[in-house]
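Enquirer: Here is my input; please provide its structure:
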Amino acid sequence: MKGSRLIVLVSLIVAVSTGTFLAILNKYGSWSDHQLTELNPLLSIILAAIQWTFLLSYSDHPKKEREITKVFKKSVRLKHGLIITAFFFLCVLVLGLNEPSETIQKLHLVATGLAITTGYITLLTYPETPKGHKYANIGAAIGLTGFILGFVFNLYSVSWAEVIVSIPLAIFIFVTYIKFRTFDKTKRYESCICNRTPSKQ
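Expert: Numbers count the residues shown, from 1 in each chain. Sure, this is the predicted structure:
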C-alpha cells in the first residue's frame with residue numbers, strides 16, 4: 001500500500017514516545033492503568049499506533065510469505081506472526097485492566113503476555129543470518145530482562161518496563177520493514193545503473 005512505510009514509521013514513533021511520556025509522568029503504574037482515567041486517550045493512542053504498525057506490516061511486508069518456523073509440522077510465515085501479535089494487542093485494548101470484572105482484568109494480563117510473547121517469537125525466528133540472530137538475541141535479552149525487572153521485581157514502574165520491552169519490537173519492524181524496503185529499492189536502482197551498457201559515441 002502506497003505510503004504504508006511512512007504510516008508505520010509515524011506509528012512507531014507515536015507509540016514509543018507516548019509510552020515514554022506516560023512513564024516520565026509516572027502518574028499510574030503501567031500503560032494499562034491509565035484506562036478509565038483522564039489520560040485514557042494516550043493509552044488508546046499507544047495501542048492504536050501498535051495496531052497500525054503490525055497490521056500494515058502484515059499486509060505489506062516484502063517478506064511476509066517467508067517461513068520463519070514450524071509448529072506441529074505446519075509452516076508459520078512472517079505474516080502469521082505479525083497478524084497474531086496484532087490480534088493480541090487488540091485484545092489488550094478491548095479488555096481493559098481497570099474494568100470492574102476480575103475476569104476481564106485477568107484476560108487483559110493474559111493478552112498482554114501473549115502479545116509480547118508472539119512479538120518476540122517473531123523477532124527471534126525472523127533472522128536468516130548468524131549476525132541477524134545475534135542482534136535479535138541481544139535485543140530480546142535486553143527487552144525481556146528490562147520488562148521482568150520492572151514488572152516482577154518492581155525496580156522501576158511497569159510503564160518503564162513496557163517502554164523497554166517495546167523498543168526491540170520497534171527496532172525489528174523498523175529494520176525489517178521500513179529500512180529493508182528502502183535498501184531493497186536502492187539495490188535494484190544501483191543494479192540498473194551498474195549493469196547499464198555505455199552508449200556508443
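Enquirer: Would you mind giving the secondary structure of the residue nearest the centre of the chain?
Expert: Central residue of the chain (Cα atoms, centre = their mean): L169, 4.0 Å from the mean position. At L169 the chain is in helix, as set by DSSP: H, G, I helix; E, B strand; the rest coil.
Enquirer: For it, which non-adjacent residue is closest in space?
Expert: Spatially, and ignoring its direct neighbours in sequence, L169 is nearest to G119 (5.0 Å; Cβ to Cβ, 6 or more residues apart in numbering). Yep, even glycine has a C-beta here, placed from its N, CA and C like the rest.
Enquirer: helix or strand for the one you found, which one?
Expert: G119 belongs to helix 102-125 when assigned by DSSP states H and E.
Enquirer: which other helices and strands contact that helix?
Expert: Counting contacts by 3 or more Cβ pairs under 8 Å, 6 or more residues apart in numbering; DSSP states H and E, helix 102-125 packs against strand 67-71, helix 78-94, helix 130-151, helix 158-173.
Enquirer: Quick one: closest of these to L22.
Expert: Closest of the helices and strands packed on helix 102-125 to L22 is helix 158-173, at 5.3 Å (criterion: Cβ to Cβ).
Enquirer: what does that closest one rub up against?
Expert: For helix 158-173, the external contacting residues (Cβ atoms under 8 Å, 6 or more residues apart in numbering) are 8, 12, 15-16, 19-20, 22-23, 26, 28-31, 33, 53-54, 57, 116, 119-120, 122-123, 126, 136, 139-140, 142-144, 146-151.
Enquirer: Can you flag the buried ones in those residues?
Expert: Taking 16 or more other Cβ atoms under 10 Å as the criterion, what is buried in these is 8, 12, 15-16, 19-20, 22-23, 28-31, 33, 53-54, 57, 116, 119-120, 122-123, 126, 136, 139-140, 143-144, 146-147, 150-151.
Enquirer: any idea how far I83 is from I13?
Expert: 22 Å (Cβ to Cβ, to the nearest Å).
Enquirer: Looking at the two, which has the bigger crowd around it?
Expert: Ranked by neighbour count (other Cβ atoms under 10 Å), I83 and I13 place I83 first, with 17 against 13.
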